[in-house]
Structure formats: C-alpha cells, structure tokens
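# The following comprises the amino acid sequence and a computationally predicted model.
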Amino acid sequence: MSKDELKDALRRAQEQNARLQKRVAEAEKSERLLKSILEYIPEGLTVTEGPEVSIRAISRYGQQLIGRPLESIEGRTGAEILESWKLLHPDGVTQAEYEKLPLVRAVTKGEDVREEEWILLRPDGKKIPILLNAGPMRDEQGTITGGLSSWIGMEKRGQLEERLRESEKRFRLAISAAKMGAYSRNLQTGQDHWSPEFLAIYGLGPDEPLPLVDGIPAAVHPEDRPRVLAEACAFYGRTVEQEFSSEHRIVRPNGEIRWVQILGNMHFDPVDSQQVIYGLGIDITQRKRSEEALRESEARYRALISASSQVLYRMSPDWSEMRQLQGGSFLADTAEPNRNWLQDYIHPDDQKRVLESIDKAVRTGTVFELEHRVRRVDGILGWTHSRAVPVRNAAGEVVEWFGAASDITARKQAEDDLRQAMKKADQASRAKSEFLASMSHEIRTPMNGVIGLTELALMQEPKPKIRDYLHMVKQSAKSLLDIINDILDLSKIEAGRVELEHADFDLRDMLESLFETMRMGAEHKALSFTTVIDPGVPDWIKGDESRLRQIFVNLIGNAVKYTDAGQVSVRVGVEDGRGAQDTGGRDIPMPICLLASVKDTGGGIPKDKLGSIFEPFDTGARSAKHDGTGLGLAITKRLVELMGGRITAQSELGRGSTFTFSAALEPASEAAAGEGSGHATVRPDARTLRVLLAEDNEINRFLAVELLKGLGHEVTTVQDGRQALEVLAKERFDLVLMDVQMPQMHGDEVTRRIRAGEAGDPNVPIVALTAYALKGDRERFLAAGMDDYLAKPIDMEELGRVLARIGANGKSAE
C-alpha cells in the first residue's frame, strides 16, 4: 500500500470514528433525555425492545401505579410479566391473553392502540382502571425494533375531566354574568356557531338562528350599519392573524335598542387556506349609559362652575407650575401652564405666607388651606379662601394638586366693619364705665355726708319730732342709694364685670344677722316673720357672702314691701344628697347646693306677668302703689345664675307668692370651719387705735373723724396723698384709712409707696375708702397693697368690724 493510500485510509478511519463518537454522544444525550422524561412525566410510560417485548425502561409514575419494585419490571418479557402480575379486562375478572396485550399487538403486528380501557391488579389486591395507548417503534428501514406504551389511571383522568367541566362551568357563569357570548365563523365554509349567551344578547333563544345581511347581523342599528360593514369587510380581507373590535347599537326583535361590543381573533391556516374567526360579544349597554350620564354630569358640573364664583386650579406636585385655572367670577380662565402664577395672582405682601403654607403641605402631603389676597381680573385687590388636596397615583405618590378658592372679599370687609364696630362699642363701653365710676363717686360722696351726718345727729338724742325728720332723711337717702346701687349692679352684670368671691364665711351667722335686720321691717308693718334654717345647713361655707346676702335682702325686702297683712316666711336648706357627707368616718368635701324659699301672703302676681318679672325695669307685675326701679329681681336672677343656680316664682292673685332659688357653694376650709361662728363686733373695751385718715372731702373727713372718735380712737387727718406720706414718715399709726381718689396723688399710688418703704412702717394696715363700685376695684386695691376696703357711704357696723379686727391683730403704735 502506497503512502498516499495509507493516508487516505487513515483519514477515512478518523472520519468514521468521529461519526461514531457523534452517534455515541447523541445516543447518550437521548438516553439522558429518556431518563428525565421517565423520571418526571406524570403518567405511566413503558419502553420495550425485541420481539420478546422485553421491558427496557418504565417511568417513575408507572412503577408507582403498578406497585412493584423496579427490578421485578425492567428486563422482563411480556410473557414473564403476564405470569408475575395480572392485567384484567374491563370486567375486572377476566385475565388478558398474551397476544391481546396492547404492547404485544404493537410489536408483533405493528398495531396502533388508542385509549383502551384495562384494569391493573396491584400486589396489594387493589384494582386500578387505566386508559392505555401503545404503538411500535421502528428503525430507519421501518423494521419494528420495540414498542412504546403509555397509560394513566382512570381516576386521575376523571379528576381532570371534572376539573375541565368545572372550569367550563365557571367560564360560562362568568361570561353570562358579564353579559358575554362566544361565537365562531369559518369564512371559507360559511359555518357559524353562536353560544346561547351570544344569542341572548340579540334577544334570541338558544335554538334561534342569528339572521345575517351582507355578512353582519341584520340586527345592527341602521345608523351604525355602514360603519360596521366597512369594519367587517376590512377585517375579513386580511390573510394574517389579527384582532377585531367594534362597538355599535343593535335592535332586538322587541324593538329594544342595546349597545354591543364585538371582539374577534382571525386564525389563518396556510395549509388549507381556512380563515376562522373566534370571538366574544359583550352587552355594553349599561356602560354606555354610565358614560352618557358621566358626560351629562360633567357638562352640568362645568356649567355650574362657570356660573359660580369658585376658582378651580391644578398644580404640579411641587407647586412650581399652575397647570390649569378656571377663574370663576374674579380670575381669568387659562388652560396654559403658568410658572409665574405666584407673581401674577398673589398679593406681594402675602407671597411669603403662601409659600410657607405650600412648603408645609408638600412636605407633609396634607391639605393646603389659607386665606390670602389676590389680584382680581378687574384689577381690584380681593381676598380668597384657598384649599387644595393632593392627588395620588396607585403607588401613593402625589402627581398633582387640585384646589378651589372662594372669593371672601365681602366677608373680609364685613369682618373689618365688625372690628371697627366692636372697637367703637368697646370705646363706648369704656366711656360708660368711666361715666359710671364718675357718677358713683360723685353721688356716693355727698350721700356719705348726708347719711353719716344724719346718723351723727341721731346719736345726739334729738327731740322726737326732729328724730322723726332725721329718720325720714336717712330712709330717703338710703332709698336713693339703693337705686344707685341697683343701676350700677345691673350695668356691671350685663357687661360681664361681676366676679364672685370665693372666701370662707359663717353662713348661719350671716343668715341670723340678716333675718334680725329684716324682721324689724316686717314687724314695723305688723307682719308675722318666720325663719327656718334646716339642720343640714353647714355653719361655714365658701362663696361670695355679700352677693348671697344681696339675694336674700332683695327677695325678703320685696316680700315685706308687697305684703300688707299676713306673714313672710323664709326657709333655708340644702338639696338632698348635696350637703357634706361622712363616709366611714372620712369627711368628703362635696359641692353644697343651697336651697332657699321666701313666701309671702301679699297680693300676688298675675299669671301673664310671671314670665317677665325677672326682666329689668319690669314694675307692672306688682301694685302701682309701691315704688321701685324694677331692677331688684333682674339683678337677683343674674346673681343666682352666676352662682350656678336657678330661681323660680309661683304666685296666685290674692294669696301671695313664693320665690325659690338654689346656689352652688363650696365647703369651707377646715381652718375656717374650726374658728367657730360670730363676726367681730365693736366692743366698748376694744383698745384705742391711732388712725391716719387721708380724705380730701371736708364733709366726709368730718364725718369719719366723728365716727372714729365716737368709737374711742385717736385720729390724725390729711387732705391728699403727699401729706399722708409726709405724716407717715414722722409718726407711727395702727391703721391708715385711705381715700382712693385724692388730689396730688391717688390712694393706690400712696399705698404702693408705703409698701415700698418710702414712708413709715411698710406693714401698716391700710383700708381703702372708695365711692367706686365697678368690676376690678377690689382687685386693684388689693394689688396695690391695701388690706381691705370700705365703700361709701360708710356703714358704722362695717367700720366697727374692721377696727375690731385691726385692734385684735395689730400691735400698738406707741
């Protein structure tokens, strides 16, 4: 063999070897693929070889279904298998013959077996129905080299079929609920199929045909027919797969017009040139009606907005751009984006405030709301109330802001007018207060002289006729003073200038003293005067003693005044369950509801007048022969309400009246309750006090000196505040009686300087003498450093109590 022949033989051998290696690799790949298939395929699969039908491989699922170990299956022939485990006919009894086994028929006869039913008998005795397929395997020359069979348990197939039926059922229910129907059309054969749901959309029964005209349903609305026909022709003429969609009206056999949407997919088979359309028909009538209603609603909304004064606007997420503005009645409409909106619309003085509010809203993602000024379309500066909310996408991100603004220019003008009116009213109120203070001082000062000098004259034991004259003068003066006090009290109450005190006082002592005073007036008219204080009424309580006394005086005084014969009776108690209670030996402080009634046998009040007796200046309810301002009951009612109570009246003409009131008071402190009862009184043996009297009015000064000397005290007088400071710097006193309003320096300023150590003892007791009677006077005096105050005209009993208290607590000025 030549060298060339040798090379050629070697080359052919190498090529053949390469082909063999490739075939081996392909075989190995096929083997791996087969093993994977056998491992994971979810059905029984058997591969056989040779005419003996020897089992080469079986799938994992098949092995599990048979219920035998792998070594008892692989390598066994068909005859061996038939002997070792049974395959039964569908009757479950007759054993299969070898030649009738599907795999044997496939290998020996080349038969193609399709879905034969057999029963597999497992070693555990369980019979499993199976559905079996089998066929021959051939080599390249067509020679049968083996067979292949597959099977699944009928139970699993039944489950799959049941699932399929359930799926179809759900699908039909879904398309029925969605008012859908299915259809198909073969354009070559002209064969159509419509589901019952599809026919129902057109108002037809399940067995009725759908009439067609020019290839589309005859039910298509005449106005929509040309468009639908053009859409269908364009769709039918395509030779590639595509989608079809058409929305149009149809007319049902009963004349009802409905909207439908027809969807379709064109499937094209190039082998037999068949074009088949599969699709759905959907009843969209409700959607169309909703869309129409929405369009109408939007049209109405836009018309409403156009007719209203509301401004609507849209802003970018960071407010850098106004995207749209519907200006209402005071700003111009614009659909163009505007990045200069702040300067165009917002008042320069408000721009910073607007930006601060925007920044807060953007940072927090909360509502923007602000009142600010704008430039109106007419060039006038106006006020607007603006409010905007963030609009978010599905991810929660702010994509824009939508806002509305109202023209509040008129409201702002009204508020400004109201502020001006309130300012004027406040000025008028202050002027009224100043007038009342001035009148109080100007009237009380001479009244102090009249009443005081009358009392001094009575102390001189005048002749009986002169005494009667003096009593009448004193009574007239006190009546005038009562009228002044009523007017001032009502003015203070109506202006909200009355604040109740909260101080401890002896309630029983106050009532007993008051009743004794009122008894004299009743006995003077030969009236029976009876009083009852229930045992449950505490001795000491906390409240405003003077105002409570005023309520009793007004009611008892009226009862005596309007009763000509008979009696006046007063009863004081506490409401059940509201008094002080002892629980297991522990004193529990509880609110005290005082309950009092004043009953008389006077002429009574007409029923038609009962509703107005608590109104100011109402004097028509009682007999015209009695004088009065008609303010007493009005003041009483307001004082009772300030104390958290209420007052009622019952009356019968000719039989009398009963007034009942309640008042919420507080328990007294333990220290006050332990002091016992009784006010300080003027005692003949009280020690002599050195008193400095600062009073600029000559008559009042004379009167005070006489009263003080009559009580056994030493008095030094000065006429103004500067003189008071000079005297205090040189001498020591037990008490300073200080007129509040004096020339050179008022009493409160003098007091502040004394307390600051500018003159004499900074701790000397100082009592104000005042003819003022307005809210805040007492607080002002105490704030200046005064210890107490006496209102003019000076009451001797009050003066005596103050002096007795100073005498008991103070040290001698010697």
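In hand now; what should we look at?

# can you map out the helices along the stretch 51-200 of the chain?
In the stretch 51-200 of the chain, the helices defined using DSSP state H, counting those that start in this stretch lie at 60-66, 78-84, 102-109, 154-177, 196-201.

# roughly how far apart are residue 468 and residue 527?
22 Å (CB to CB, to the nearest Å). Quick note: C-beta positions are derived from backbone N, CA and C, even for glycine.

# Looking at those two, which is more packed in?
Neighbour tally, residue 468 and residue 527, criterion other CB atoms under 10 Å: the higher count belongs to residue 527, 20 against 11.

# that older thread, least confident of the helices of the stretch 51-200 of the chain, on average?
Among the helices of the stretch 51-200 of the chain, helix 154-177 carries the lowest mean pLDDT, at a mean of 65.

# host element of the closest residue in space to residue 368 that isn't next to it in sequence?
Distances taken as CB to CB, 6 or more residues apart in numbering place residue 361 nearest to residue 368, at 3.9 Å, with adjacent residues excluded. According to DSSP states H and E, residue 361 maps onto helix 351-364.

# Helix or strand next in line after that helix, which one?
Counting by DSSP H and E, the next helix or strand C-terminal to helix 351-364 is strand 368-375.

# Can you tell me what sits against that next one?
For strand 368-375, the external contacting residues (CB atoms under 8 Å, 6 or more residues apart in numbering) are 330-331, 344-347, 349-350, 353-354, 357-358, 361, 381-389, 401, 403, 405, 408, 412.

# buried sites along it?
By 16 or more other CB atoms under 10 Å, the buried positions in strand 368-375 come out as 368, 370, 371, 372, 373, 374, 375.

# same deal with stretch 219-239?
Buried residues in stretch 219-239, counted by 16+ other CB under 10 Å: 219, 220, 224, 225, 228, 231, 232, 235.

# Could you dump those residues into TSV with distance to residue 106 and pLDDT added?
Listed next are the buried residues of stretch 219-239 as TSV, based on distance: CB to CB, whole Å; pLDDT from 0 to 100:
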residue	distance to residue 106	pLDDT
219	55	93
220	56	94
224	60	94
225	60	94
228	55	92
231	54	89
232	51	87
235	48	83
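
# any idea which of those residues is closest to residue 70?
Ranked by distance to residue 70 (CB to CB), the buried residues of stretch 219-239 are led by residue 235 at 57.7 Å.

# shouldn't the closest one be in contact with residue 265?
No - Residue 235 is beyond contact range of residue 265, at 10.3 Å (criterion: CB atoms under 8 Å).

# joint contacts of these two?
By CB under 8 Å, 6+ apart, the residues touching both residue 235 and residue 265 are 242, 244, 277.

# wait, which of these is closest to residue 303?
Of all these, residue 303 sits closest to residue 244, with 38.9 Å by CB to CB.

# Would you indicate which residues of the helix or strand encompassing that closest one are buried?
Element membership of residue 244 [criterion: DSSP H and E] is strand 243-251. Buried positions in strand 243-251, judged by neighbour count with 16+ other CB under 10 Å: 244, 246, 247, 248, 249, 250, 251.

# picking that back up, please list only the buried members of the contacts of strand 368-375.
Taking 16+ other CB under 10 Å as the criterion, what is buried in these is 330-331, 345-347, 350, 354, 357-358, 361, 382-384, 386, 388-389, 401, 403, 405, 408, 412.
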